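[1] Provided below for reference: sequence and predicted model.
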Amino acid sequence: MAVPPDLADPPDLRVDFEQIFNAHFTEIHRYIVRRLSDDVADDLAAEVFLAAYRGGYDASRGGVRPWLYGIATHLIARHRRTEIRRWKALSRTAERAEHSPEDAVLSRVAADQLTGKLAGALAGLNRRDRDVVLLSVLGDLSHAEVAAALGIPAGTVASRLNRARKQLRKALGDVNPLEEIHG
């Protein structure tokens with residue numbers, strides 16, 4: 001049975017997309033894991049590349065990497081409530097005393113790479129500021145790449161990052177928040 005013309009892919013598009021997928025899947029997946037969790041990352045990373053495939057790459061918007069991070073960030077925003085609940089849970093987990101072996105395991109697993117105090121501080125940021133911080137730190141994107149990923153001016157990235165750093169530093173008691181995230 002023949003594939004309908006609207007579902008058939010031109011051979012050059014398949015090759016280009018395959019190259020994009022192979023070059024960037026692991027990095028995008030890792031970013032999503034660090035923002036959400038392993039449980040969500042597989043499905044969400046697949047959604048990123050499905051959306052990228054369907055939307056097509058427009059070279060006039062900048063590099064492929066920021067474009068994919070932009071799609072990932074947009075999809076993560078859909079999971080914002082879950083993400084914020086996770087940050088708050090990490091914060092509570094770090095604050096409570098460990099009363100049982102289950103609590104100790106939960107604390108170690110939940111803390112993963114972020115301390116509870118930092119998770120609470122991140123949850124306290126507005127979504128736009130948190131996205132800029134996490135794209136910069138977890139995605140290791142430059143200001144220009146963050147700007148391209150979010151479709152905002154580079155100056156806006158700088159101001160959001162500056163504001164977020166001040167808020168995080170205050171919430172963490174003058175600890176450098178970027179050292180905590182990279183921890």
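    All right, it came through fine.
[2] Following the chain past the lowest-mean-pLDDT helix or strand in the chain, name the next helix or strand.
    When the helices and strands of the chain are compared on mean pLDDT, DSSP states H and E, helix 101-111 comes out lowest with a mean of 48. On the C-terminal side of helix 101-111, the closest following helix or strand by DSSP states H and E is helix 116-124.
[3] same for the longest helix along the chain, what does it pack against?
    Using DSSP state H, we find that the single longest helix of the chain is helix 11-35. Using 3 or more Cβ pairs under 8 Å, 6 or more residues apart in numbering; DSSP states H and E, the elements in contact with helix 11-35 are helix 38-55, helix 64-78, helix 127-137. C-beta here means a position set from N, CA and C on the backbone, and glycine is covered the same way.
[4] The same query, at a cut-off of 7 Å, please.
    helix 38-55, helix 64-78 (3 or more Cβ pairs under 7 Å, 6 or more residues apart in numbering; DSSP states H and E).
[5] For burial, what's the neighbour tally of L134?
    22 (other Cβ atoms under 10 Å).
[6] what's the closest non-adjacent residue to it?
    R35 (5.8 Å; Cβ to Cβ, 6 or more residues apart in numbering).
[7] G151 too?
    G70 (6.7 Å).
[8] Please tell me the pLDDT value assigned to the one you found.
    Note on G70: pLDDT of 92.
[9] cool, and T93?
    Looking at T93, the pLDDT reads 63.
[10] And L114, by the same measure?
    For L114, the predicted pLDDT is 48.
[11] cool, Y31 as well?
    Residue-level pLDDT assigned to Y31 equals 93.
[12] residue contacts, it?
    Neighbouring residues of Y31 by Cβ atoms under 7 Å, 6 or more residues apart in numbering: Y69, A72, L138, G139.
[13] Thank you, goodbye.
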